[in-house]
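J.: The following comprises the amino acid sequence and a computationally predicted model.
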Amino acid sequence: MVTKKRIYLDHAATTPTDPKVVEAMLPYLSDVFGNPSSIHSFGQEAKAAVEEARDKVAALIGARGEEIVFTGGGTEADNFAIKGIAYANEGKGNHIITTSIEHHAVMETCKFLQVRGFEVTYLPVDSYGLVDPQDVKKAIADKTILISVMHANNEVGTIEPIAEIGKIAREEGIYFHTDAVQAVGHIPVKVDELGVDLLAMSAHKFYGPKGVGALYIRKGTKLIPLMHGGEQERRHRAGTENVPAIVGLGKAAEIAQREMDAEAKRLISLRNKLIKGLMGQIEHICLNGHPTQRLPNNVNVSIEFVEGESMLLNLDLEGIAASTGSACSSSSLEPSYVLLAMGLSHELAHGSLRFSLGRETTEEDIARVLEILPRIIAKLRAMSPMLQSSI
């Protein structure tokens with residue numbers, strides 16, 4: 001019996017850890033085990049590795065090493081940024097501006113603060129998922145202390161006009177945070193060009209290990225720590241550093257900086273081939289997100305008269321892994337709030353599929369999806385009560 005190759009097209013959820021990253025981490029899981037806070041040689045070896053990783057992460061985003069704080073992932077970094085700014089600047093105001101399509105890590109943090117007396121403005125987006133910088137400017141009030149807009153959307157891949165918003169934030173003297181978890185390691189991200197004061201990233205989104213991330217904090221930014229205890233991370237984040245994971249994040253950043261441009265070109269070609277094939281072979285289909293101002297590896301479509309979960313299960317039976325949206329809410333039966341915010345109907349939002357390509361994705365993988373998915377759609381539509389009721 002011939003075993004079919006399994007095809008993984010859910011890199012926006014997580015990526016496989018690069019073998020070179022694993023290799024870099026291994027010594028710190030065995031021989032180099034010291035606590036970076038210890039002053040003896042065992043501790044100083046570990047500390048040196050953490051600082052080297054810090055510099056590599058800083059180099060990837062055009063920052064300085066002392067502006068990087070390691071965290072337990074992107075969610076912690078977002079929480080740290082938003083709560084840290086909110087509580088440190090309560091004397092100035094209590095108003096936060098964000099968008100209606102942010103990741104749960106930002107959205108739920110803002111809702112948490114609302115319950116505790118903060119005011120939050122959730123800006124609308126257009127049909128491509130783009131926020132208008134002028135809407136940001138209009139929403140600014142005397143009490144505004146923070147603007148938080150994601151760099152690129154995790155579901156539809158739309159890249160937001162961060163530099164324009166950064167300019168507005170600078171002119172108004174308001175802190176600006178971006179959740180760049182989907183962008184870092186995939187497209188150029190330079191903090192000074194973007195004009196951000198805080199930027200969140202996560203290693204496992206660009207071939208690093210899970211459970212580690214970082215928050216860029218521009219020098220002079222006033223925020224309070226989320227974690228209290230020891231003096232690690234320049235008193236920004238208490239707790240013994242996860243040295244192996246931090247080393248892995250540093251190695252992943254180093255590889256991304258070296259290979260990102262060439263890989264982006266390759267993925268854009270595969271992405272466009274997949275989009276063209278899907279649009280050409282399947283009727284009643286639409287592309288979600290901006291057609292060109294999107295991440296190199298993201299394809300999100302809505303297909304009428306079928307449900308996303310049914311398509312996913314049938315693809316999985318064929319050895320193809322995709323998603324219907326954010327991995328952080330994949331168990332929910334509710335339609336994507338991102339797609340609803342972009343103006344899609346509940347029915348169309350329910351019929352969404354996200355393919356996110358990666359380093360191991362090949363031309364043959366794309367061809368196989370284009371061979372299999374139209375057959376699945378035809379089969380499901382033949383059984384679909386949605387299609388019958390529309391005739």
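T.: Arrived safely, thanks for sending. Numbers count the residues shown, from 1 in each chain.

J.: any chance you could map the strands in the stretch 101-250 of the chain?
T.: 119-123, 144-148, 175-179, 198-202, 213-217 (DSSP state E, counting those that start in this stretch).

J.: Reformat those as a markdown table; add mean pLDDT, mean neighbour count and distance to L274.
T.: Placement of C-beta: from N, CA and C, glycine included. What follows is the strands of the stretch 101-250 of the chain, written out as a markdown table (pLDDT from 0 to 100; neighbours: other CB atoms under 10 Å; distance: least, CB to CB, whole Å):
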| stretch | mean pLDDT | mean neighbour count | distance to L274 |
| --- | --- | --- | --- |
| strand 119-123 | 98 | 18 | 30 |
| strand 144-148 | 98 | 25 | 31 |
| strand 175-179 | 98 | 29 | 26 |
| strand 198-202 | 98 | 30 | 25 |
| strand 213-217 | 98 | 28 | 29 |
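
J.: Can you lay out those strands as CSV showing distance to P296?
T.: Shown next, in CSV, are the strands of the stretch 101-250 of the chain (distance: least, CB to CB, whole Å):
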stretch, distance to P296
strand 119-123, 26
strand 144-148, 24
strand 175-179, 18
strand 198-202, 17
strand 213-217, 21
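
J.: So which elements touch the helix or strand hosting A378?
T.: Assigned by DSSP states H and E, A378 falls within helix 363-382. Applying 3 or more CB pairs under 8 Å, 6 or more residues apart in numbering; DSSP states H and E, one finds that helix 363-382 contacts strand 7-8, helix 243-281, helix 308-317, strand 320-321.

J.: which residues touch that helix?
T.: With CB atoms under 8 Å, 6 or more residues apart in numbering as the test, helix 363-382 has contacts from 7, 9, 270, 273-274, 277-278, 281-282, 303, 305-307, 310-311, 314-315, 318, 320, 355, 387.

J.: now stretch 110-122
T.: The contact list for stretch 110-122 (CB under 8 Å, 6+ apart) reads 82-83, 86, 94-100, 102, 139, 143, 148.

J.: go with 6 Å
T.: Stretch 110-122 has contacts (CB atoms under 6 Å, 6 or more residues apart in numbering) with 86, 94-98, 100, 139.

J.: From G319, how far off is T99?
T.: From T99 across to G319, the span is 36 Å (CB to CB, to the nearest Å).

J.: L26 now?
T.: Separation of L26 from G319 (CB to CB) stands at 30 Å.

J.: For the stretch 101-250 of the chain, give me the ranges with low pLDDT.
T.: For the stretch 101-250 of the chain, no stretch is flagged by pLDDT under 70.

J.: Helices of that one, start to end?
T.: 104-115, 133-139, 162-172, 191-194, 243-281 (DSSP state H, counting those that start in this stretch).

J.: now for the ones you listed, which one comes closest to Y337?
T.: With CB to CB as the criterion, Y337 lies closest to helix 104-115 of the helices of the stretch 101-250 of the chain, at 8.2 Å.

J.: Send over the closest one as PDB, restricted to the C-alpha atoms.
T.: The C-alpha coordinates for helix 104-115 follow below in PDB (Å, rounded to 0.1, in the frame of the first residue of the first chain):
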ATOM      1  CA  HIS A 104      -7.700  37.200  21.000                       C
ATOM      2  CA  ALA A 105      -4.500  38.000  22.900                       C
ATOM      3  CA  VAL A 106      -5.200  41.700  22.300                       C
ATOM      4  CA  MET A 107      -9.000  41.600  22.100                       C
ATOM      5  CA  GLU A 108      -9.500  39.700  25.400                       C
ATOM      6  CA  THR A 109      -6.900  41.900  27.200                       C
ATOM      7  CA  CYS A 110      -8.800  45.000  26.100                       C
ATOM      8  CA  LYS A 111     -12.100  43.500  27.300                       C
ATOM      9  CA  PHE A 112     -10.400  42.700  30.600                       C
ATOM     10  CA  LEU A 113      -9.400  46.300  31.000                       C
ATOM     11  CA  GLN A 114     -12.800  47.600  30.100                       C
ATOM     12  CA  VAL A 115     -14.300  45.700  33.000                       C
END
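
J.: before we move on, the earlier item: and T15, which of the helices of the stretch 101-250 of the chain is closest to it?
T.: Closest to T15 of the helices of the stretch 101-250 of the chain is helix 243-281 (CB to CB; 9.0 Å).

J.: Report the inter-axis angle for the closest one versus strand 213-217.
T.: 100 degrees (axes from the mean of the first three to the mean of the last three CA atoms, to 10 degrees).

J.: of T99 and G319, who's got more company?
T.: Taking other CB atoms under 10 Å, T99 and G319 do not tie; T99 has more neighbours (25 against 14).

J.: Enumerate every residue touching that one.
T.: Counted by CB under 6 Å, 6+ apart, T99 has contacts 123, 131, 149.

J.: any idea how far I162 is from the second one?
T.: I take that to be V131. V131 is 10 Å from I162, where distance means CB to CB.
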